[in-house]
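Peer 1: here is my input, please return the structure:
(one chain, ligands or ions: 1)
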Amino acid sequence: MSDSSGARSIELETIDPSSEFVDQLVFKLSSYLPSFCIDIDEDHLRLCVLHLLYVEQVNHYINLTRITNLDDALVLHILDSLLFLPFIPEGSDTLLDMGSGPGYPGLPLHACSNVSATLLDSVSKKMNVVSVIADALLVSDITCVSDRLETYAKDKAGQFDVVTARALASLPVLIEYARPFLKMGGTLLVSKGLPDESEVSSGLKACSICGFKLVDRQEFDLLHDLGHRVIFSFKVVSKSKVKLPRQNGLARKAPLA
Ligand SMILES: C[S@@+](CC[C@H](N)C(=O)[O-])C[C@H]1O[C@@H](n2cnc3c(N)ncnc32)[C@H](O)[C@@H]1O
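Peer 2: Below you'll find the predicted structure:
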């Protein structure tokens with residue numbers, strides 16, 4: 001169905017949260033977590049599974065993800081998002097997920113922790129979907145924003161404790177995007193597949209320009225041979241040496257490092 005602007009409206013077909021099918025997926029997901037030292041109760045995992053099922057439902061008419069096999073999606077969307085969880089410093093209240101797409105990793109992180117989350121993507125139809133799904137899940141304290149990062153940063157300087165990014169851009173670009181949003185002492189968490197060493201060394205240069213320090217780097221093999229992940233944790237330790245945000249698009253066209 002389309003509205004007067006031609007945009008397709010989003011109507012979710014309600015999914016029974018206590019169905020046997022949902023139970024099975026929750027059980028499967030829960031069995032994956034101990035190998036990654038992640039401990040989350042079933043109610044929170046259920047929210048992650050329902051989010052995934054709604055994403056899959058809407059994906060039939062709005063392109064949100066290329067991963068259509070549910071078993072793979074449990075690992076590649078939910079588990080992959082939850083890998084960030086142990087890296088969120090205790091006491092963090094506010095999280096921004098940059099380029100969140102269908103809500104990864106921001107929605108599972110919000111569902112499984114106490115952080116209030118802002119999910120941002122420049123493509124408004126994606127954020128509309130995530131907002132409708134968040135309403136259906138009755139998750140509060142989640143804000144969906146359709147904007148470019150460089151524009152949103154002008155209004156939200158220094159407002160977040162944690163910024164996350166998955167599958168968005170190279171390390172130096174992510175570091176530049178994230179810095180204006182973070183408080184002093186705040187944390188940037190980035191997940192990467194197999195970054196090459198030149199990307200890492202440019203990232204470290206961008207880090208020192210923007211006032212970050214790399215504080216942790218851990219590697220994980222996803223289950224079922226679905227890939228390798230490196231989680232980088234950067235902490236804001238000083239002021240940026242360049243004025244941020246720069247003009248729209250410059251971070252990608254002319255990276256700082
Ligand atoms: C490959 S998708 C990844 C989505 C999600 N993080 C995930 O892992 O499934 C990258 C997303 O970043 C968004 N994006 C890219 N550049 C952006 C920018 N400058 N500002 C806001 N969103 C951006 C795109 O619209 C896209 O939805």
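Peer 1: all strands of this structure, in order?
Peer 2: 94-98, 116-121, 142-146, 160-166, 182-192, 212-221, 228-236 (DSSP state E).
Peer 1: in the stretch 101-250 of the chain, what residue is nearest the ligand?
Peer 2: Evaluated by C-beta to the nearest ligand atom, the stretch 101-250 of the chain has residue 101 as its residue closest to the ligand, separated by 2.6 Å. Bear in mind the C-beta positions are built from the backbone N, C-alpha and C, glycine included.
Peer 1: quick check: that residue touching residue 121?
Peer 2: Yes: the pair residue 101 / residue 121 is scored as a contact, 5.9 Å apart, by C-beta atoms under 8 Å.
Peer 1: looking at the two, which is more packed in?
Peer 2: Between residue 101 and residue 121, counted using other C-beta atoms under 10 Å, residue 121 has the larger neighbour count: 24 against 21.
Peer 1: correct me, but that one touches residue 103?
Peer 2: No: if you go by C-beta under 8 Å, residue 121 and residue 103 don't touch, sitting 9.1 Å apart.
Peer 1: and the most centrally placed residue in the chain, what does it touch?
Peer 2: The chain has residue 105 as the residue nearest its centroid, 2.9 Å off, counting by C-alpha atoms, centre = their mean. Applying C-beta atoms under 8 Å, 6 or more residues apart in numbering, one finds that residue 105 lies in contact with 80, 81, 82, 84, 97, 164, 166, 191.
Peer 1: and the fourth one, its phi and psi?
Peer 2: Right, the one you point to is residue 84. phi -70, psi -30 (degrees, to the nearest 10).
Peer 1: from residue 255, how far off is it?
Peer 2: 24 Å (C-beta to C-beta, to the nearest Å).
Peer 1: so between those two, which is more surrounded?
Peer 2: Counting neighbours by other C-beta under 10 Å for residue 84 and for residue 255 shows that residue 84 has the greater number, 28 against 18.
Peer 1: right, and the more buried one touches residue 164 too?
Peer 2: Yes: with contact defined as C-beta under 8 Å, residue 84 and residue 164 form a contacting pair (5.8 Å).
Peer 1: count of residues packed around residue 15?
Peer 2: Neighbour tally, residue 15, other C-beta under 10 Å: 16.
Peer 1: I'd say it and residue 54 touch.
Peer 2: Yes: with contact defined as C-beta under 8 Å, residue 15 reaches residue 54; the gap is 6.8 Å.
Peer 1: picking that back up, as a markdown table, the strands of the chain with mean pLDDT and distance to residue 31 would be great.
Peer 2: Output for the strands of the chain, formatted as a markdown table (pLDDT from 0 to 100; distance: least, C-beta to C-beta, whole Å):
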| stretch | mean pLDDT | distance to residue 31 |
| --- | --- | --- |
| strand 94-98 | 98 | 26 |
| strand 116-121 | 98 | 26 |
| strand 142-146 | 97 | 27 |
| strand 160-166 | 98 | 23 |
| strand 182-192 | 98 | 22 |
| strand 212-221 | 98 | 16 |
| strand 228-236 | 98 | 19 |
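Peer 1: appreciated, that's everything.
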